[in-house]
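1. A predicted structure for the sequence below; I have some questions about it.
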2 protein chains.
Amino acid sequence: MSKHAKEMEILKEHLEKHQLKFTRQRELILDAFLKQEHITAEEMYHQLARKDPHLGLATIYRTLNLFCEAGLAQARHFGTQTQYDNVSHKGHHDHLICTGCGKIVEFENCDIERLQEEVATKNGFTITTHRLELYGLCTRCRH
Amino acid sequence: MSKHAKEMEILKEHLEKHQLKFTRQRELILDAFLKQEHITAEEMYHQLARKDPHLGLATIYRTLNLFCEAGLAQARHFGTQTQYDNVSHKGHHDHLICTGCGKIVEFENCDIERLQEEVATKNGFTITTHRLELYGLCTRCRH
DNA sequence: ATTCTTTTTGATATAGCTTATCAATTTCAA
DNA sequence: TTGAAATTGATAAGCTATATCAAAAAGAAT
Ligand SMILES: [Mn+2]
Ligand SMILES: [Mn+2]
Ligand SMILES: [Zn+2]
Ligand SMILES: [Zn+2]
């Protein structure tokens, strides 16, 4: 049984349901993706260039977006770059981002989530999504 | 005394301090900017085209970025578009954004801010900036 | 295994938004 | 009034992501 059997199964189910095909590229990209917590399309492109020099950048983008539709990934826009977040094994969370070294730390805070709902209700809004990012310096970069 | 005398003064002080010049375009753009809470460069371009059809889009961008440096504006990236936020008369705040009609509501919540600091400290981070946006539907768009 | 339809891929063009370039113009201090 | 320095407007270029399209691959049916 492969290391990423469960996620591979989720992908295959999504593919079947939408009459899409299982390809060598999709398998390759999923394997690489699941080894990371957060990765950009560009990083993945360079990383996979070693395994398959002919893999196109457009295919990387298309496939990562496919993973988003299948619920395995989420696109996150941090600063200027777009990180694809491997959410196959985790629930909702927000991020701390170090502007020094690029380190990303995930966190969950129910109190903040609850206060957000309160703010929305007070203003007559119904929240569908939100975005909370804390930018700063990590311990190492502060020194 | 002009309606935007105070802000005009802030701009002039910034210009002097940085050996920049006070121009007709900067005055025109500041006047238009201060009438809005949030505006995109593109919107401002079209709005001012009536008053001065020769005003270039690059000048709009340059000038709005100048206002950011002078502390009169802040660039905010909501969804795909960049809104310039008129912060001349207000302190820190976050936003509720209606994905139906584009309405933007500002809010301040000390409890959320405090919890953010807590989260950062717990993870060894020192926050320099943050970003909190709540996306959803306003009362009108929900019906 | 072969055929055949549909989807996918890779190379590249294009889009959308913002900044860079640069000659001509304007500002403003001397 | 003069002249150095900054600004402007038109447009090219940069950057990231998507669109295009002919060739290739997938996979169901035979
Ligand atoms: Mn994450
Ligand atoms: Mn605002
Ligand atoms: Zn760091
Ligand atoms: Zn609305």
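-> Perfect, I can see it now. Bear in mind the structure is a predicted one, so any value in this text is a computation, not a measurement. Ligands and ions are numbered 1, 2, ... in the order given.
2. going forward, measure contacts and count neighbours with C-alpha atoms only.
-> Noted.
3. What's opposite the residue most central in space within chain A in the beta bridge?
-> Geometric centre of chain A, nearest residue: residue A:85, 1.4 Å, by CA atoms, centre = their mean. Applying DSSP bridges to residue A:85 yields these beta-bridge partners: residue A:38, residue A:74.
4. OK, contacts around it?
-> The contact partners of residue A:85, by CA atoms under 8 Å, 6 or more residues apart in numbering or on different chains, come to A:37-39, A:73-76.
5. what about 10 Å?
-> Taking CA atoms under 10 Å, 6 or more residues apart in numbering or on different chains, we find residue A:85 in contact with A:33-34, A:36-40, A:64, A:68, A:72-76.
6. Assign the residue nearest to residue A:4 when sequence neighbours are not counted to helix, strand or coil.
-> Leaving aside its sequence neighbours, residue A:4 sits nearest to residue A:31 (CA to CA, 6 or more residues apart in numbering or on different chains; 7.0 Å). Secondary structure, DSSP: H, G, I helix; E, B strand; the rest coil: residue A:31 is helix.
7. Can I get the contacts of residue A:85 in TSV including neighbour count, distance to residue B:108 and pLDDT?
-> Shown next, in TSV, are those (neighbours: other CA atoms under 10 Å in any protein chain shown; distance: CA to CA, whole Å; pLDDT from 0 to 100):
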residue	neighbour count	distance to residue B:108	pLDDT
A:33	22	38	98
A:34	21	38	97
A:36	12	35	95
A:37	16	32	96
A:38	18	30	97
A:39	20	33	97
A:40	18	33	97
A:64	25	36	98
A:68	18	32	98
A:72	24	34	98
A:73	23	31	98
A:74	20	28	97
A:75	17	27	97
A:76	16	24	97
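8. which among those gets closest to chain B?
-> Within the contacts of residue A:85, the smallest distance to chain B is 11.2 Å, found for residue A:76 (CA to the nearest CA).
9. pretty sure the closest one contacts residue A:41?
-> No. Between residue A:76 and residue A:41 there is no contact under CA atoms under 10 Å: 11.7 Å.
10. Between these two, which contacts overlap?
-> Contact criterion CA under 10 Å, 6+ apart; residues shared by residue A:76 and residue A:41: A:82-84.
11. Just put these in TSV and tack on neighbour count and distance to residue A:131.
-> Formatted as TSV, the shared contacts of residue A:76 and residue A:41 follow (neighbours: other CA atoms under 10 Å in any protein chain shown; distance: CA to CA, whole Å):
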residue	neighbour count	distance to residue A:131
A:82	16	14
A:83	20	14
A:84	24	15
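12. could you list every residue that touches the closest residue to residue A:72 other than its chain neighbours?
-> Distances taken as CA to CA, 6+ apart place residue A:88 nearest to residue A:72, at 4.6 Å, with adjacent residues excluded. Going by CA under 10 Å, 6+ apart, residue A:88 touches A:6-7, A:10, A:34, A:37, A:67-68, A:70-74.
13. Which ones among those map onto strands?
-> A:73-74 (DSSP state E).
14. Tell me the one of the contacts of residue A:88 nearest residue A:142?
-> residue A:37 (23.6 Å; CA to CA).
15. got a list of what the closest one touches?
-> Residue A:37 sits in contact with A:73, A:83-88, A:104-106, where contact means CA under 10 Å, 6+ apart.
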